[in-house]
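>>> Sequence plus predicted model, see below.
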Amino acid sequence: MNTHPYLRAYLAGIFIPTLVLPLLLTVFIVVRIVLKVPVPIEQAMIFPMAVVPSLFGLWNMLWLGSHERTHLPIGVHGAVLPLLMAPVGALVATSLGALVLGSHGATWFQACEIPYTLIAPGFLVALAAYYLVWKYIVGFLNRVLGIA
């Protein structure tokens, strides 16, 4: 009997972003409508909502396929994902005109400027968050589904 471990790994990987991204979209839309923030938040959220869950699922499948050779802990494997997502996301955003990189910071949609001194610590927080999510939540789901 084939137990489909890669399908189970994909499903365990998409669990968190599938739950979190619609909640973030709801918060962003409420902020846009109630607080009248002029940033087109919907445009910034649609692409990640389409890509991030699949990327998490594929990343978990990659961990499952490579774990026997690399013995890399799942938390460390998950913390590597933002190192790939951030440059690719910045490249896509700059090529679409949604992000402009200046000398002192990045400007989103010509409305919100974020200084580089805040981007670096924010990225470190994201690395830590990804590590914890992958270690405790995705790792737990992998164990429940019998693939870890």
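Arrived safely.
>>> Where does the residue most central in space within the chain fall, secondary structure wise?
Taking Cα atoms, centre = their mean as the criterion, Val52 is the residue nearest the geometric centre of the chain, at 5.4 Å. Under the criterion of DSSP states H and E, Val52 resides in helix 41-70.
>>> Could you list the buried residues of that helix?
41, 44-45, 48, 52-53, 55-57, 59-61, 63-64, 67 (16 or more other Cβ atoms under 10 Å). (Each C-beta comes from the backbone N, C-alpha and C, glycine too.)
>>> follow-up on the earlier one: excluding chain neighbours, what is closest to the residue nearest to the centre of the chain?
Nearest non-adjacent residue to Val52, counting by Cβ to Cβ, 6 or more residues apart in numbering: Pro17, 4.7 Å away.
>>> Any idea how many residues pack against that neighbour?
Neighbours of Pro17 under the rule other Cβ atoms under 10 Å: 20.
>>> For it, give me phi and psi.
Dihedral angles of Pro17 (phi, psi; degrees, to the nearest 10) stand at phi -70, psi -30.
>>> likewise Gln110?
Here Gln110 shows phi and psi, under degrees, to the nearest 10, equal to phi 50, psi 20.
>>> Following the chain onward from the host helix or strand of Ala90, which element is next?
Per DSSP H and E, Ala90 falls inside helix 74-96. On the C-terminal side of helix 74-96, the closest following helix or strand by DSSP H and E is strand 99-101.
>>> name the helices or strands packed onto whichever helix or strand comes after that following strand?
Counting by DSSP H and E, the next helix or strand C-terminal to strand 99-101 is strand 105-108. If you count contacts as 3 or more Cβ pairs under 8 Å, 6 or more residues apart in numbering; DSSP states H and E, strand 105-108 packs onto strand 99-101, strand 112-115, helix 116-132.
>>> Next, the buried residues of the host helix or strand of Ile16.
Per DSSP H and E: Ile16 is located in helix 5-34. Residues 6, 8-17, 21, 25, 28 are the ones in helix 5-34 that count as buried (16+ other Cβ under 10 Å).
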